[in-house]
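Participant: 3D model of this:
(one chain, ligands or ions: 2)
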Amino acid sequence: MSISVQTFILGPIQNNTYLVIDEESKQAALVDPSTPSKQVLDYLESNTLDLRLILITHAHFDHISGVHWFRNRNNRAIPVAMHALDLDLWRDGGGSKDFGFELKPGADPDFLVSDGQRIPLGKNFFRVLHTPGHSFGHVTYVADHDRMAFCGDLIFHHGIGRTDLPVGNEADLFSSIREKIFTLPEDTILYPGHGDKTSVGEEKANNPFL
Ligand SMILES: [Zn+2]
Ligand SMILES: [Zn+2]
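Facilitator: Ligands and ions are numbered 1, 2, ... in the order given. Just a heads-up that it's a prediction; the model follows:
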């Protein structure tokens, strides 16, 4: 009944793209596909996994640049999930213009998630936490049973997300971390958008920004 995680480091900003696998059903969800990646497709194929879902923590370009490519593999549309408050950012190319280029992310996500929602993967599920601060519609996907949380650019190993970009808000970031992430069990593993994984307990004790 448990799930496992495969990490792929992709793209120029070294993003973590996570493949989350429900071991029993072999259903998989891809979190924040940063770039097109043959490596991920090969992994899916050689492990006979069924990619069912693309989960977006937030719409910054480095987290969504691979969505269009993965979404339309093998003539089968893979549904994309994201929070409605990041739709403007998505449609504007994920902030790419601020970095000197223009990303066209493709059609809007297929379904919009909200705080508290449960998204099934096999017999497991992800619980959605709305965790704004780095962007308005930033969410964290929590797999409670396996004590895992995919937290995008909200909190990193001994770091926190930027709030100086146009969609950032420092007060929101701190309350998202304190009220949503730090109320999870301490042994919950945090899988951030960049850098090493960590845990709730480690960041509570040793994160210098908090
Ligand atoms: Zn970001
Ligand atoms: Zn990022």
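
Participant: wait, doesn't Leu184 sit right on Ser199?
Facilitator: No - counting by CB atoms under 8 Å, Leu184 does not reach Ser199; the two are 9.6 Å apart. Where you see a C-beta, it was placed from the backbone N, CA and C, and this is true even at glycine.

Participant: who's more crowded, those two?
Facilitator: Legend: neighbour count by other CB atoms under 10 Å for Leu184 and Ser199, higher for Leu184 (21 against 18).

Participant: the more buried one: what secondary structure?
Facilitator: What DSSP: H, G, I helix; E, B strand; the rest coil gives for Leu184 is coil.

Participant: residues contacting it?
Facilitator: Contact analysis of Leu184 by CB atoms under 8 Å, 6 or more residues apart in numbering lists 142, 147, 149, 200.

Participant: list the contacts of Arg91.
Facilitator: Counting by CB under 8 Å, 6+ apart, Arg91 touches 105, 108.

Participant: turn the contacts of Leu184 into JSON lines, including secondary structure.
Facilitator: Below are these laid out as JSON lines (three-state DSSP):
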{"residue": "Val142", "secondary structure": "strand"}
{"residue": "Arg147", "secondary structure": "coil"}
{"residue": "Ala149", "secondary structure": "strand"}
{"residue": "Val200", "secondary structure": "helix"}
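
Participant: tabulate the residues you listed in TSV, adding columns for pLDDT and neighbour count.
Facilitator: Below are the contacts of Leu184 laid out as TSV (pLDDT from 0 to 100; neighbours: other CB atoms under 10 Å):
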residue	pLDDT	neighbour count
Val142	98	22
Arg147	98	15
Ala149	98	28
Val200	98	22
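
Participant: which of these lies closest to Tyr191?
Facilitator: Checking these against Tyr191 with CB to CB, the nearest one is Ala149 at 6.8 Å.

Participant: residue boundaries of the helices in the chain?
Facilitator: For the chain, applying DSSP state H gives helices covering 38-46, 61-64, 67-71, 87-91, 170-176, 200-206.

Participant: the second one and ligand 1, are they touching?
Facilitator: No - contact check for helix 61-64 against ligand 1, using CB under 5 Å from the ion: none in range, with a minimum separation of 6.1 Å.

Participant: show me the contact partners of that helix.
Facilitator: 11-13, 15, 32-34, 56-57, 90, 93-96, 99, 103, 105, 152-153, 193.

Participant: how about the most centrally placed residue in the chain: what's its closest non-neighbour residue?
Facilitator: With distances taken as CA atoms, centre = their mean, Thr57 lies nearest the centre of the chain, 3.6 Å away. Nearest in space to Thr57, with sequence neighbours left out and distances taken as CB to CB, 6 or more residues apart in numbering, is Gly152 at 2.9 Å.

Participant: tell me how many other residues surround the one you found.
Facilitator: Gly152 has 29 neighbouring residues, counting by other CB under 10 Å.

Participant: wait, what's in contact with it?
Facilitator: With contact set as CB under 8 Å, 6+ apart, Gly152 has these partners: 32, 57-58, 63, 131, 134, 138-140, 161, 192-193.
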